[in-house]
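Q: Below are the sequence and a predicted model; questions follow.
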Amino acid sequence: MPTAVERAWLRLHLTRGLGRVGLNRLMTAFASPEAILAAAPRDWTRRAGIRPTVAEALPAADAPLLRQAEELLERDDIRLISFWDEADYPPLLRQLPDPPALLYRRGRLTDQPALAVVGARRASAAGRRLTDEICAELASRGIAIVSGLARGIDTAAHEGALRGSGQTVAVLGCGIDQVYPPENRRLFQRIAEEGALLSEYPPGTAPLAGHFPARNRIISGLAQGVLIVEAAEGSGSLITADFALEQGREVFAVPGPVYAETSGGVNRLLKEGAHLVTEPADILEVLWPGTPSRGQRQKEDSLLEKLSGTALTVYRNLDREPLHIDELARKTGLTPMELSAILLHLELQGGVEQLPGMRYLRGREA
């Protein structure tokens, strides 16, 4: 059931003509949504500069539209989060020059690192496949995938993240109760159950064209970087890349065939300095070097439970970068002879891999 604060925010958000800027002015003037609602319309105008027609459009506390919205929030377990909510508002969004004042959230958000992935709606089969593979691999490494639930690349990004048993977040350009495009209804439901849906628009808001550019700033704002796969010149994906650059995020792009319509935008991004991507490692090396997969982490945890004493010390001093046995001896205080026996034992357990020149690194199977 919506809290009293959420119901107050909902009533304000359903006020025709009252947007993000107006809500910010009202909070500056009155400090809480309850105080805003308690104020007279003339005080909205006098203290916050809200037009009288907007102040008088505040729906009554028992208005049918308000009751319907409250029932929706309760039925679908939707949270209404404000910029002034220190606990639940996504921290990265606070860094934006124009953060959303209110967010509707269905599902769960985690504090995982995140990559935004966007691209052409009329994507090629190869583009969709590569997107799915990249997102599945990143998701398996504990990296959330953020996209917009659109056709093509967005759909492949969400599906790949779910296939990788990871977190995915869909930012909508419509109300959180609206499924767009309609053919993504099943994907919409899966994300609600296994990831999160977000919208800054009130329930019932249609997917109007003007909403999507603003939606894109949230997609990039939630992530440490943005990957563009197949984008023509002038596409909405390039707007997301522009937002990412303004927000100080890393921009990545998959190169495309020179004569393909959906290559113009991505190839220009690469010329301008975007990171070239053909596999997940290209992203990991820039943003999260050394990040193991979920399967690797589970195997490492299992091996750690079995080890003790000097074997555990040796294992913890190994990494994904090779170490010469002499350097390992300095780190552990063991002699090369003692290390050789321990390393052989670890190698048999899949915890160590030996390279030429007496160099060792943490095993790929660990």
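A: Noted; the coordinates are in hand. Just so it is clear, the structure is predicted and the values come from calculations on it, not from any experiment.

Q: and residue 169, helix, strand or coil?
A: strand (DSSP: H, G, I helix; E, B strand; the rest coil).

Q: and it, what pLDDT?
A: Listed pLDDT for residue 169 reads 98.

Q: can you pull out the helices in the stretch 51-200 of the chain?
A: 52-55, 64-75, 125-140, 153-163, 185-194 (DSSP state H, counting those that start in this stretch).

Q: wait, which of those helices is closest to residue 207?
A: helix 185-194 (12.3 Å; C-beta to C-beta). (C-beta placed from N, C-alpha, C; glycine too.)

Q: what about dumping the CA coordinates of that closest one to PDB?
A: Taking Å, rounded to 0.1, in the frame of the first residue of the first chain, the C-alpha atoms of helix 185-194 are listed here in PDB:
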ATOM      1  CA  ARG A 185       4.600  -7.500 -22.800                       C
ATOM      2  CA  ARG A 186       6.200 -10.800 -21.700                       C
ATOM      3  CA  LEU A 187       9.600  -9.100 -21.400                       C
ATOM      4  CA  PHE A 188       8.000  -6.200 -19.500                       C
ATOM      5  CA  GLN A 189       6.600  -8.700 -17.000                       C
ATOM      6  CA  ARG A 190       9.900 -10.600 -16.700                       C
ATOM      7  CA  ILE A 191      11.800  -7.400 -15.900                       C
ATOM      8  CA  ALA A 192       9.200  -6.400 -13.300                       C
ATOM      9  CA  GLU A 193       9.800  -9.800 -11.600                       C
ATOM     10  CA  GLU A 194      13.500 -10.100 -12.000                       C
END
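
Q: Could you tell me the angle between that helix and helix 153-163?
A: Angle of helix 185-194 versus helix 153-163, following axes from the mean of the first three to the mean of the last three C-alpha atoms, to 10 degrees, is 50 degrees.

Q: buried set for stretch 224-241?
A: Across stretch 224-241, burial judged by 16 or more other C-beta atoms under 10 Å covers 224-232, 235-241.

Q: Equivalent analysis for stretch 121-136, please.
A: For stretch 121-136, the neighbour count (16+ other C-beta under 10 Å) marks 121, 123, 124, 127, 128, 130, 131, 132, 133, 134, 135, 136 as buried.

Q: among these, which two are most distant?
A: Spatial extent of the buried residues of stretch 121-136 (C-beta to C-beta) is set by the pair 121 and 136 at 20.7 Å.

Q: Pipe the helices of the stretch 51-200 of the chain into a markdown table and attach mean pLDDT and distance to residue 263 per row.
A: Putting the helices of the stretch 51-200 of the chain into a markdown table (pLDDT from 0 to 100; distance: least, C-beta to C-beta, whole Å) gives the following:
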| stretch | mean pLDDT | distance to residue 263 |
| --- | --- | --- |
| helix 52-55 | 96 | 46 |
| helix 64-75 | 94 | 42 |
| helix 125-140 | 95 | 10 |
| helix 153-163 | 97 | 13 |
| helix 185-194 | 97 | 26 |
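
Q: Tell me which of the ones you listed is the most buried.
A: Each of the helices of the stretch 51-200 of the chain was scored by mean neighbour count; the highest is helix 153-163, a mean of 26, by mean count of other C-beta atoms under 10 Å.

Q: Show residues contacting that helix.
A: For helix 153-163, contacts defined as C-beta atoms under 8 Å, 6 or more residues apart in numbering pick out 117-121, 123, 127-129, 131-136, 138-139, 144-145, 147-149, 167-168, 170, 184, 187, 190-191, 194-195, 229-230, 237.

Q: May I have the phi/psi pair for residue 288?
A: Note on residue 288: backbone dihedrals following degrees, to the nearest 10 are phi -140, psi 60.

Q: Return the distance of it relative to residue 17.
A: 43 Å (C-beta to C-beta, to the nearest Å).

Q: Counting neighbours, go ahead and name the busier of those two.
A: Neighbours were counted for residue 288 and for residue 17 using other C-beta atoms under 10 Å; residue 288 has more, 16 against 12.

Q: how many other residues sit next to residue 21?
A: 12.

Q: actually residue 2, not the one I typed
A: When neighbours are counted by other C-beta under 10 Å, residue 2 registers 18.

Q: Who are the contact partners of the residue lying closest to it once chain neighbours are set aside?
A: Closest residue to residue 2 apart from its sequence neighbours, by C-beta to C-beta, 6 or more residues apart in numbering: residue 73 at 4.8 Å. By C-beta under 8 Å, 6+ apart, the residues touching residue 73 are 2, 6, 10, 79, 80, 104, 203.
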